[in-house]
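S.K.: From the sequence below, what's the structure:
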Amino acid sequence: MMKQTKKLFSVVLIVGMLFSLGTATYAADYDLDLSACTLQASMEYLVNHIGQRLAGTPNEALAAKYAKDVFEEIGYTDVIWKDDISRGAVSIGRVVFDGSGDILGNALPNSAAFPKVEGQLVDLGTYPDLSIPEGVSGDIIAVVRFNSAPNANNLNPVLAALQEDNDIEIVGLLQANATTFSVASVTGTPDVPCITTTGYFLERALAKADTFLCLERHTSALTNAVVATKPAPGGDPDLIIVFSSHMDSVLAAAGASDNASAVAANLELARRLFDVDLGNIEVRFAVVGSEENGGMAGSVWVANQIIGEGKASISINLNMDMICSPSSASASGANPLNAVSMDINTAQFNATGFNLPSYLVTDEAKDIDWADGIDNVRIYRYGSSDHVSFATRGIEAGSMIIVTDSADDIEYQDHNSRDNLEENYSYERLLMCTNLMENAVLKAARQEVSKKAKFYVDEFAGTVTLHNAEQLFKTYDTVSGAFVSAEGSLPFTFTADEAILDLADPSAYAINNVIAKGTGTADNLNAARNEQYSTFTAGIAVEMVTLDEVWAEASVAKLKGNQNELSISVFGLFSDGLIQEVAADTFTVNNNAASSYEIERYMVFVDTKGNDQICNCYVIADADPIPEPDPGDPDLPEISIEAYVEKKNGNTNLLTITIYFEYPDGAVAAIIESFSVGNNASGVFEVGDYSVFVEIKGNDQIRSCFFVE
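M.R.: Got it, this is the predicted structure:
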């Protein structure tokens, strides 16, 4: 966890400068201690201070501003707040207060005819027993409860009579069905501008009536997204992890579990990971709007940004949605929630439910302390949250959620006014889920998780090497795909034990459909609907790196007598600028040795002088077929010949004949053949398609060597 000195910050939001609120000013202060866990403070601000965060409303924008301020105070720079993302139009009633979030509801009339309404918020009681409190006069906004659906046809004459009998003018109406948790429909047309909300929010409005400013109707077709980035060193990450959580709520809810919980976790993860060395992993923290009935426009924008950067293939998404529901809800109301399972959902159209994002979370889950009441940990294929925005665009995604068994309706609990801190919030569970996500990132860092496969193509040796095999096989068991050329497709599978493949003319191939597979724990507790997996999959981005140049370096050191130790190294210059040793070996040789040496997949010629000098050293490339010499053709090579004899046992010697082909572009090829010969041997030797005469003197000298017909 990040070590940081205690830091408090107070940010004043002058929302009147940010949103169209007429002449009203809006200000809110918040303090946040960044030296300690911020989960509780964020929950209280988002749920109690702001409240309903319907997409496209100033309340949603307040949540976005809060996220941006927290990211920046942690220390993130270049935080992006995109506040003009297009979505479907919203038209909603606002009960506006000075210094806290709006109370939202359905507006009547829901048109431009709805005026700005000012006055006092006055509690008249429960219909039909309504009365004007003593001492109230002037313009009032009547606050009325119903024990059933509001009926304007019945209410209008009652309000008219109250107005006639008292020194008041009812200029507006705030009403709710106090017996339900949703926003009720209204029968008839109220005589005054009206906003209908839930009983829960009606009481919240009354609790802050002394700061009431006005009733307004708000329309917008825009939503928000806020993104902070912890970049990888050097700016070329092996993996990008995108945390996402939607800030908006449904109209009827303050959105404690759905989804202030995930926003709070996202901000806390940004705090914890800010100073942590994650190696070559980039992390983005995205707080997005319009998940609820808005086409997931915020997360779509974030996903499209990644695609536009060309980084979709190296990115994964860890989404969070509804991660603090308790094991049982308040006894009041219908259908108390029994949230007993922590699921990682992958989009339902995926061929497999176990992918890299879910592996990182669930494989670490076995080592954490589970919150009371969590009976199941499940991988499940399901959509309906922002992870779908990433998955449909080719970015592997998993979404964490605390859910019920299938018999319970989690949407009912999280999509009404019971989704508040009193009835639908467990700090212990929120902390558990935050810890799980932190552990997933730390696991990725420990294992140096990468979604890049670097294939090194060596034309000289005729090989393709999975260059970052050691890194990849810390996470995966296999990396598979296909080499594709005009002649067809050649499947391949690399493993930790076999990361080099012989391939003639490797540059003629492209590499397609690379998939990594690994083994992990998909479930840690038993679950009825759990899909059992042990193998997870991950799409892998391909980086083809060619070996553009090879050369050899050699040194010789005297041993005993006429023997010396010859050390040869082959170096390569790759197209990504890397220079590294690609092969090496040592040999025991005599004084003045001149011969070719096989070093792994390379043939190197070395000519030594005495026992401590190198006269010549170069890599011999293969050339097949080798053309016949033709001095009149400028594109054909210059051909030369060399012979070398080395004493073996008794009267037996080893004759090595090398024919060199030096091309106009500087490339050198060779044919090498060895023969067992006696002392003072002479004769014609067949080397490839060529006939060569060699005459030997004794057992260590060449008298003559030339081509013959």
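
S.K.: hey, let's count contacts and neighbours off CA atoms from now on
M.R.: Fine.

S.K.: I'd guessed residue 98 sits against residue 212; true?
M.R.: Yes: between residue 98 and residue 212 a contact is recorded at 6.4 Å, counting by C-alpha atoms under 8 Å.

S.K.: most residues in a single helix of the protein, which one?
M.R.: helix 427-446 (DSSP state H).

S.K.: Which secondary structure elements does it sit against?
M.R.: helix 39-43, helix 261-273, helix 356-365 (3 or more C-alpha pairs under 8 Å, 6 or more residues apart in numbering; DSSP states H and E).

S.K.: Just the CA atoms of the helix or strand just after it, as PDB, please.
M.R.: As assigned by DSSP states H and E, the chain's next helix or strand after helix 427-446 is strand 452-458. The C-alpha trace of strand 452-458 is given here as PDB (Å, rounded to 0.1, in the frame of the first residue of the first chain):
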ATOM      1  CA  LYS A 452       2.400  -9.000 -26.000                       C
ATOM      2  CA  ALA A 453       4.200 -11.800 -27.800                       C
ATOM      3  CA  LYS A 454       7.600 -10.800 -29.300                       C
ATOM      4  CA  PHE A 455       8.500 -13.100 -32.200                       C
ATOM      5  CA  TYR A 456      12.100 -12.800 -33.300                       C
ATOM      6  CA  VAL A 457      12.500 -13.900 -36.900                       C
ATOM      7  CA  ASP A 458      16.000 -15.100 -37.800                       C
END
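
S.K.: now for strand 452-458, which elements pack on it?
M.R.: On a contact count with 3+ C-alpha pairs under 8 Å, 6+ apart, strand 452-458 meets strand 463-466, strand 541-558.

S.K.: right, and those - which one's nearest residue 142?
M.R.: Among the helices and strands packed on strand 452-458, the nearest to residue 142 by C-alpha to C-alpha is strand 541-558 (62.0 Å).

S.K.: any idea which helix or strand comes after that closest one?
M.R.: Counting by DSSP H and E, the element after strand 541-558 in chain order, helix or strand, is strand 563-574.

S.K.: That following strand: partners in the sheet, and parallel or antiparallel?
M.R.: Strand pairing for strand 563-574, using DSSP bridges, gives strand 541-558 (antiparallel), strand 579-590 (antiparallel).

S.K.: Setting the sequence-adjacent residues aside, check what's closest to residue 91.
M.R.: Among residues not flanking residue 91 along the chain, residue 219 sits closest, at 4.3 Å (C-alpha to C-alpha, 6 or more residues apart in numbering).

S.K.: now swap in residue 509 and tell me
M.R.: Take residue 509 and drop its neighbours on the chain: the residue closest to it by C-alpha to C-alpha, 6+ apart is residue 485, 4.8 Å away.

S.K.: So the one you found sits against residue 507, correct?
M.R.: No: in this structure residue 485 lies outside contact range of residue 507 using C-alpha under 8 Å: 9.5 Å.

S.K.: tell me the most buried of the helices and strands packed on helix 427-446?
M.R.: helix 261-273 (a mean of 26; mean count of other C-alpha atoms under 10 Å).

S.K.: mind showing which ranges of the chain have poor pLDDT?
M.R.: The chain contains residues with pLDDT under 70 at 1-30, 328-338, 340, 347-352, 367, 375-376, 380-382, 405-412, 522-533, 621-635.

S.K.: For residue 286, see how far away residue 502 is.
M.R.: 44 Å (C-alpha to C-alpha, to the nearest Å).

S.K.: Settle it for me: which of the two has more neighbours?
M.R.: With neighbours defined as other C-alpha atoms under 10 Å, residue 502 and residue 286 compare such that residue 286 has more, 27 against 13.

S.K.: list the contacts for that one?
M.R.: 225-228, 242-245, 266, 299, 302 (C-alpha atoms under 8 Å, 6 or more residues apart in numbering).

S.K.: Mind doing that once more with 7 Å?
M.R.: Each residue near residue 286 by C-alpha atoms under 7 Å, 6 or more residues apart in numbering is listed here: 225-228, 242-245.

S.K.: which residues does it bridge with?
M.R.: Under DSSP bridges, the beta-bridge partners of residue 286 are residue 227, residue 244.

S.K.: Quote the end-to-end distance of stretch 112-119.
M.R.: 20 Å.

S.K.: Contacts for that stretch next, please.
M.R.: Residues contacting stretch 112-119 (C-alpha under 7 Å, 6+ apart): 139-141, 171-172, 193, 213-217.

S.K.: and if we set it to 8 Å?
M.R.: Contacts of stretch 112-119 (C-alpha under 8 Å, 6+ apart): 107-108, 138-141, 171-172, 193, 213-217.

S.K.: so can I have a markdown table of the residues you listed showing distance to residue 294, secondary structure and neighbour count?
M.R.: Compiled in a markdown table, these are given as follows (distance: C-alpha to C-alpha, whole Å; DSSP: H, G, I helix; E, B strand; the rest coil; neighbours: other C-alpha atoms under 10 Å):
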| residue | distance to residue 294 | secondary structure | neighbour count |
| --- | --- | --- | --- |
| 107 | 19 | strand | 23 |
| 108 | 22 | strand | 21 |
| 138 | 40 | strand | 12 |
| 139 | 37 | strand | 18 |
| 140 | 35 | strand | 21 |
| 141 | 31 | strand | 24 |
| 171 | 33 | strand | 19 |
| 172 | 29 | strand | 25 |
| 193 | 26 | coil | 25 |
| 213 | 28 | strand | 20 |
| 214 | 27 | strand | 21 |
| 215 | 24 | strand | 30 |
| 216 | 22 | strand | 23 |
| 217 | 19 | strand | 26 |
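
S.K.: Let me have those residues in a markdown table, extended by distance to residue 281.
M.R.: As requested, the contacts of stretch 112-119 are exported to a markdown table (distance: C-alpha to C-alpha, whole Å):
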| residue | distance to residue 281 |
| --- | --- |
| 107 | 48 |
| 108 | 51 |
| 138 | 63 |
| 139 | 60 |
| 140 | 58 |
| 141 | 55 |
| 171 | 58 |
| 172 | 55 |
| 193 | 54 |
| 213 | 48 |
| 214 | 49 |
| 215 | 48 |
| 216 | 46 |
| 217 | 45 |
